[in-house]
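Engineer: Pasting a predicted model and its sequence here:
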Amino acid sequence: MSVRPGGEYAGRPLHVIWLLDCSGSMAEGGKIEALNTAIREVIPAMKKAAEGNPEVQFFVRVMRFSTGAGWHVARPTPLSEFKWVDLQAEGETDMGQAFALLAEDLQQLPQQTRMLPPQIVLISDGKPTDDWRGALQVLLNVPWGKRAVRQAIAIGQDADHETLRKFVDNPERPVLRVDNSEQLVRYFRYVSTSVAVTAPGKEAPAPPPVAQPAYDDSAW
C-alpha cells in the first residue's frame, strides 16, 4: 500500500469484482457487445467518481464464466490503471464454478481491519448449468464473501432471478432487471460508480427504480 509523506496511508483498499456471464446465450441479440460497451463507458465515470473519494484505494478484478470459470483480469488492478479487453460469448453457464473460484480467492485475502468489504457485481442472462447452491454456500461461509456487498444485474427475461436474489441475499438490494443495451449501461454505471462515490462507513446512493419488462422489438 502506498504511503503519503509523513507516514499516512494513502487509503483503505477496496476490491471491486465483476462476475460476468459469457455463455453462448450472451451472443444473442447483441448482449455481449452491450456488456463490453457498458464496461468501456463506465470506467471513465468510475475514475472520475473515485477522485472525490481519496480515503479509498480502488482495485478492479474481472471473472468470466461460461463452460468453466476463470479470471479475465486476475491481478487486483488499481482503478487508475485499469483497461478493458472485450469478452466473447460461448458455452454453458457454470455460475457455480465462478462462486467456487471466487470463494477460494477471497479466502486468501488478509483479514486486516483497514480493508473495506469487497464489492461484487454478478451479471447473467440465464440459468446456471452446474451445481451453484453448494458453491454459493461456500462463498457465503468465507468471511470476506459474507461481508461483501453483493449486487446483481439480470439481463433479459430468461435470467434466473431467484438464483441472483440468493446471491445478493439482501432484501434491501434488489436484483436489477435490464431489457436493452441502454438499461444495461444505466444500471452498470449505477452499481459501479456508487462504489466509487461512497465514503467508508456511509450508505451508498439509493438504486434507480428496477426496470419493468420491455415489450418492444429491441428487448432481450
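Structural biologist: Perfect, I can see it now. All values reported here derive from a predicted model rather than from experimental measurement.
Engineer: Show the low-confidence segments of the protein, by residue range.
Structural biologist: 1-10, 113, 198-218 (pLDDT under 70).
Engineer: redo that, cut-off 50
Structural biologist: Residue ranges of the chain with pLDDT under 50: 1-9, 214-215, 217.
Engineer: All the strands of it, residue numbers only.
Structural biologist: 12-21, 56-66, 68-78, 119-124, 149-155, 176-178 (DSSP state E).
Engineer: Among these, which comes closest to Pro110?
Structural biologist: strand 12-21 (9.6 Å; CB to CB). Backbone N, C-alpha and C define where each C-beta goes, glycine included.
Engineer: Turn the strands of the chain into TSV, columns for mean neighbour count and distance to Arg133.
Structural biologist: Putting the strands of the chain into TSV (neighbours: other CB atoms under 10 Å; distance: least, CB to CB, whole Å) gives the following:
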stretch	mean neighbour count	distance to Arg133
strand 12-21	22	16
strand 56-66	22	16
strand 68-78	15	16
strand 119-124	25	15
strand 149-155	25	16
strand 176-178	25	22
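Engineer: Go through the ones you listed and name the closest to Gly30.
Structural biologist: Closest of these to Gly30 is strand 149-155, at 11.0 Å (criterion: CB to CB).
Engineer: Just give the strands next to the closest one in its sheet, each with its orientation.
Structural biologist: strand 119-124 (parallel), strand 176-178 (parallel) (DSSP bridges).
Engineer: who wins for proximity to Leu14 among these?
Structural biologist: strand 119-124 (6.7 Å).
Engineer: Need the residues that contact the closest one.
Structural biologist: Defining contact as CB atoms under 8 Å, 6 or more residues apart in numbering, one finds that strand 119-124 is touched by 14-21, 35, 93, 95, 102, 148-155, 159-160, 163-164, 167, 188, 191-192, 195.
Engineer: related to what we said a few turns ago, Val60: which of the strands paired with strand 149-155 is closest?
Structural biologist: Among the strands paired with strand 149-155, if distance is taken as CB to CB, the winner is strand 119-124, at 9.8 Å.
Engineer: tell me the angle of that closest one relative to strand 12-21?
Structural biologist: Per axes from the mean of the first three to the mean of the last three CA atoms, to 10 degrees, the angle that strand 119-124 makes with strand 12-21 is 10 degrees.
Engineer: Output strand 119-124 as CSV, restricted to C-alpha atoms.
Structural biologist: Provided in CSV are the C-alpha atoms of strand 119-124 (Å, rounded to 0.1, in the frame of the first residue of the first chain):
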residue,chain,number,x,y,z
GLN,A,119,-17.9,-5.0,-3.8
ILE,A,120,-19.1,-7.9,-6.1
VAL,A,121,-21.3,-7.4,-9.1
LEU,A,122,-22.8,-10.5,-10.8
ILE,A,123,-24.3,-10.1,-14.3
SER,A,124,-26.1,-13.0,-16.0
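Engineer: Next, count neighbours for the closest residue to Leu102 other than its chain neighbours.
Structural biologist: Closest residue to Leu102 in three dimensions, ignoring its sequence neighbours and counting by CB to CB, 6 or more residues apart in numbering: Leu139, at 6.0 Å. Neighbour count of Leu139, defined by other CB atoms under 10 Å: 26.
Engineer: Now do the buried residues in the longest helix seen in the chain.
Structural biologist: Assignment by DSSP state H gives helix 31-50 as the longest helix of the chain. Of the residues in helix 31-50, those buried by neighbour count under the rule 16 or more other CB atoms under 10 Å are 31-32, 34-39, 42-43, 46, 49-50.
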